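Student: here's a sequence, model it:
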Amino acid sequence: MLSFAHPWIALLAPLPLLVWFALPARAERRPGLRVPFFDRLARVSGQVPYSGGVVARRHTARLIVLVLAWLMTLAALARPQWIEPALHRDMPTRDLLLLVDLSASMDTTDFVDASGKPVDRLTAVKQVLDDFLSRRKGDRVGVIVFGDAPFALVPFTTDLELSRAMLRDTAVGMAGPRTAFGDAIGLGIGRFAKSSVKAKTMIALTDGNDTISKVPPAEAAGIAKDQGIVIHTVAVGDPTAAGEDKLDEAALKEVADRTGGGFYRALDRAQLADIYRRLDEIETRRVDTVSFRPRRDIFWMPLAGVLALTLLTQGIGIAFRHRYSREVRSNATLEGAAP
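Tutor: Numbering: from 1, shown residues only. Predicted structure coming up:
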């Protein structure tokens, strides 16, 4: 569809007519030849001489060319644009942050993979998370890993393949042997500080008891609630374990309850996969569809038309003048050769 960025330029179309009628005609003086026998020539020709000027009339074809050139110039100044078909783009309206525990206890081999082979907890978690992320099209996803301290592994991005690849490369102990769950929540809150989307969600996965965080998990959860962040907690491992490996289910439940999230317990890979299926249903994909129509400037078309019209007119004029000159020379030659 054709449109003009500056349609008001069309108001200038009658400007040449205003100049034609409002301004006086341009006067041009030309030298004349005075002859002593002018009166005799007038009597012989039978014409009566008079003083004054001659008004030159423009040829009709040339006038049409000027009008067309003026209109095409105005069309170019109006900035014609061709509007392309509408394009639609889905904009994510949710930021999803994964908190993954890499403490030493995640190396415990008490899970089995899809083929029935025994694997450690982290391997089972990565396999399930990989499938979970493959279904999060349209969300921005970030990843934080934590042990003795939390670290941002992947910033918020719509490139889910990057998130999956970075998760596959994680290893037990790379963030330290202990569990700083509260600090991980605190780092996650900081990551959401620059987020402008409506829905903000954390999914925290841990198998240990928080004994090293500077900020207790419950206190961090209270701050997250004030920021509109929902935290789902997933407990992995044996709830009957003791010492550093003991699961503090009460703390995980309190974090989830404070923020309006859910608490889940995964004792094996099947339960873990089921948890993420339920989370996938709860945290449904949310997008805003933005439509826009690209505009392509085509002002060069009327300018090219003006150039072509001018060159064509000049070419025709040169051809006619050349032909006229040849005819004049030919007639002069014939008259000179006549007896």
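Student: go ahead and confirm Ala224 touches Met202.
Tutor: Yes: with contact defined as Cβ atoms under 8 Å, Ala224 and Met202 form a contacting pair (7.2 Å). All C-beta atoms are positioned from the backbone trio N, CA, C, and that covers glycine.
Student: who has more neighbours out of these two?
Tutor: A count of neighbours by other Cβ atoms under 10 Å puts Met202 above the other of Ala224 and Met202, at 28 against 23.
Student: for that one, which three-state class applies?
Tutor: What DSSP: H, G, I helix; E, B strand; the rest coil gives for Met202 is strand.
Student: confidence score at it?
Tutor: Looking at Met202, its pLDDT is 93.
Student: again, but for Leu74
Tutor: 92.
Student: OK, contacts around it?
Tutor: By Cβ atoms under 8 Å, 6 or more residues apart in numbering, Leu74 lies in contact with 9-10, 12-13.
Student: same deal with Gly147?
Tutor: Gly147 neighbours (Cβ under 8 Å, 6+ apart): 101-104, 173-180.
Student: again with Val112
Tutor: 118-119, 124, 268-269.
Student: recalculate using a threshold of 10 Å.
Tutor: 118-119, 124, 268-270 (Cβ atoms under 10 Å, 6 or more residues apart in numbering).
Student: do Ala221 as well
Tutor: When the contact criterion is Cβ under 10 Å, 6+ apart, the partners of Ala221 are 182, 185, 189, 202, 204, 215, 229, 231, 233, 251-252, 254-259, 261.
Student: for it, pull up the helix or strand it's in.
Tutor: Per DSSP states H and E: Ala221 is located in helix 217-226.
Student: for Thr158, see how far away Lys137 is.
Tutor: Distance of Lys137 to Thr158, computed by Cβ to Cβ, to the nearest Å: 9 Å.
Student: who has more neighbours, those two?
Tutor: With neighbours defined as other Cβ under 10 Å, Lys137 and Thr158 compare such that Thr158 has more, 15 against 12.
Student: please name the nearest non-neighbouring residue to the more buried one.
Tutor: Excluding its sequence neighbours, the residue lying closest to Thr158 (Cβ to Cβ, 6 or more residues apart in numbering) is Arg140, at 5.5 Å.
Student: tell me where the longest helix sits in this protein.
Tutor: Assignment by DSSP state H gives helix 300-337 as the longest helix of the chain.
Student: where does the prediction get shaky in the stretch 151-300 of the chain?
Tutor: Within the stretch 151-300 of the chain, the segments meeting pLDDT under 70 span 208, 238-245, 281-292.
Student: so which residues of it form strands?
Tutor: All strands of the stretch 151-300 of the chain, identified by DSSP state E, counting those that start in this stretch, fall at 199-206, 229-236, 263-266, 287-292, 295-297.
Student: in CSV, list those along with distance to Asp274.
Tutor: Listed next are those as CSV, based on distance: least, Cβ to Cβ, whole Å:
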stretch, distance to Asp274
strand 199-206, 14
strand 229-236, 11
strand 263-266, 8
strand 287-292, 26
strand 295-297, 50
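Student: nearest to Phe132, out of those strands?
Tutor: Minimum separation from Phe132 across the strands of the stretch 151-300 of the chain (Cβ to Cβ) falls at strand 199-206, 8.6 Å.
Student: partner strands of the closest one, parallel or antiparallel?
Tutor: strand 94-101 (parallel), strand 229-236 (parallel) (DSSP bridges).
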